[in-house]
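[1] Build me a model from this:
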Amino acid sequence: MATCLKVLPVAYSKPSSTFNSKSVKSRNLKFSRCSLGAKSSAKIPVPPMNPNDPFLSKLASLAATSPENLMDRPVRTDTPPYLDLFDGPKLMATPAQVERSVSYNEHRPRKPPPDLPSLLLHGRIVYIGMPVGMETEGFAIYDSMMQLKNEIHTVAVGAAIGQACLLLAAGTKGKRFMMPHAKAMIQQPRVPSSGLMPASDVLIRAKEAVTNRDTLIELLAKHTGNSLETVANVMRRPFYMDSRRAKEFGVIDSVLWRGQEKIMADVASPEEWDKMAGIKEANPF
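    Numbering: from 1, shown residues only. Model (predicted):
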């Protein structure tokens with residue numbers, strides 16, 4: 001049972017010349033122990049422990065070989081108990097053990113938390129719920145997509161405008177989809193307004209906009225199968241496409257009508273992706 005120390009002052013008379021050093025020491029303080037009460041006697045809940053944790057095996061080995069380190073320890077009031085023992089080299093895990101520990105690893109849990117970002121991450125889904133306004137943003141996402149070696153399934157929900165239409169068309173051939181009433185639109189790059197500026201700055205920005213337009217035309221022609229002239233002609237004005245027209249233009253491959261959900265069922269599950277990548281799940285404990 002945990003105990004506490006209670007200091008009790010003791011009355012004493014003025015010491016005479018016959019007092020020795022032992023009597024002076026004995027009259028200073030007396031200590032009495034007191035129990036903490038009924039609440040402290042309740043059983044303290046112990047968190048679940050992993051039996052495969054290397055720290056527990058090291059602690060058991062140290063207790064078996066050197067029990068005096070645990071039982072006969074000097075009392076120090078300036079540090080928590082057993083702090084020096086935990087910081088000792090015998091209990092410190094090596095980098096290899098820390099990397100291979102089953103309790104503290106980088107594997108995902110078996111079940112994702114019930115929130116939308118975690119569910120999307122668990123399903124390897126990147127949801128772009130905002131306009132991709134600038135060409136630099138669209139090209140950055142496009143370059144990241146092209147660096148991936150696995151299949152990329154793209155689905156248009158709502159509207160894919162400008163750079164988002166390029167990202168929709170940049171998916172793996174045969175794996176580009178659109179909802180029945182979604183829209184796609186391609187247009188020339190826009191120059192954001194920034195107030196008055198010198199004519200030389202206007203010329204620089206105009207040249208940059210033309211360069212981005214040519215890059216966008218080249219990439220759209222590559223992924224839709226159209227010629228550069230065809231894409232350049234339709235981009236003179238905003239070119240809107242419904243699901244049927246987008247399929248004819250080569251932006252998508254299929255329309256997700258109700259009853260055709262089996263098309264998306266061909267996508268490998270997260271567990272299958274982990275298996276193909278050689279990732280093993282953490283052992284439950």
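
[2] quick one: low-confidence parts of this structure?
    1-51, 54-56, 59, 62, 68-114, 133, 259-270, 273, 277-285 (pLDDT under 70).

[3] If we use 90, what do you get?
    When residues are selected by pLDDT under 90, those of the chain lie in 1-138, 148-152, 158, 162-163, 174-175, 187-209, 256-285.

[4] Show me where it has its helices.
    Assigned helices in the chain, in chain order: 21-26, 54-65, 68-71, 83-86, 95-100, 116-122, 135-147, 163-169, 199-224, 228-234, 243-249, 270-277 (criterion: DSSP state H).

[5] Which of these has the highest mean neighbour count?
    helix 163-169 (a mean of 25; mean count of other Cβ atoms under 10 Å). The way it works is simple: take the backbone N, C-alpha and C, and place the C-beta from them, glycine included.

[6] which outside residues touch that helix?
    128, 131-135, 137-139, 141-142, 145, 154, 156, 160, 176, 178, 184-186, 216, 219-220, 223-224, 250-252 (Cβ atoms under 8 Å, 6 or more residues apart in numbering).

[7] can you do 7 Å?
    The contact list for helix 163-169 (Cβ atoms under 7 Å, 6 or more residues apart in numbering) reads 128, 131-132, 135, 137-138, 141-142, 154, 156, 160, 176, 184-186, 216, 219-220, 223-224, 251-252.

[8] returning to that earlier point: closest one to residue 256 among the helices of the chain?
    helix 243-249 (8.6 Å; Cβ to Cβ).

[9] May I have that closest one as PDB, with CA atoms only?
    Output in PDB follows, covering the C-alpha atoms of helix 243-249 (Å, rounded to 0.1, in the frame of the first residue of the first chain):
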ATOM      1  CA  SER A 243     -20.300  12.500 -70.300                       C
ATOM      2  CA  ARG A 244     -21.200  11.300 -73.900                       C
ATOM      3  CA  ARG A 245     -19.200  14.000 -75.600                       C
ATOM      4  CA  ALA A 246     -16.300  13.600 -73.300                       C
ATOM      5  CA  LYS A 247     -16.200   9.900 -74.200                       C
ATOM      6  CA  GLU A 248     -16.200  10.800 -77.900                       C
ATOM      7  CA  PHE A 249     -13.400  13.300 -77.400                       C
END
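
[10] so can I have a markdown table of the helices of the chain showing distance to residue 191?
    Shown next, in a markdown table, are the helices of the chain (distance: least, Cβ to Cβ, whole Å):
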| stretch | distance to residue 191 |
| --- | --- |
| helix 21-26 | 90 |
| helix 54-65 | 60 |
| helix 68-71 | 73 |
| helix 83-86 | 62 |
| helix 95-100 | 50 |
| helix 116-122 | 33 |
| helix 135-147 | 10 |
| helix 163-169 | 15 |
| helix 199-224 | 5 |
| helix 228-234 | 18 |
| helix 243-249 | 26 |
| helix 270-277 | 41 |
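
[11] For residue 258, which of those helices is the nearest?
    Using Cβ to Cβ, the nearest of the helices of the chain to residue 258 is helix 243-249, at 13.1 Å.

[12] who's in contact with the closest one?
    Against helix 243-249 from outside (Cβ under 7 Å, 6+ apart): 178, 180, 182, 184, 224, 241, 252, 255.

[13] and residue 192, which of the helices of the chain is closest to it?
    helix 199-224 (8.9 Å).

[14] sorry, back to before: out of the helices of the chain, which comes closest to residue 190?
    Of all those, helix 199-224 comes closest under Cβ to Cβ, at 7.7 Å.

[15] so how far is the first residue of stretch 233-244 from its last?
    20 Å (Cα to Cα, to the nearest Å).

[16] just stretch 167-180 next, same as before
    Stretch 167-180: ends 18 Å apart by Cα to Cα.
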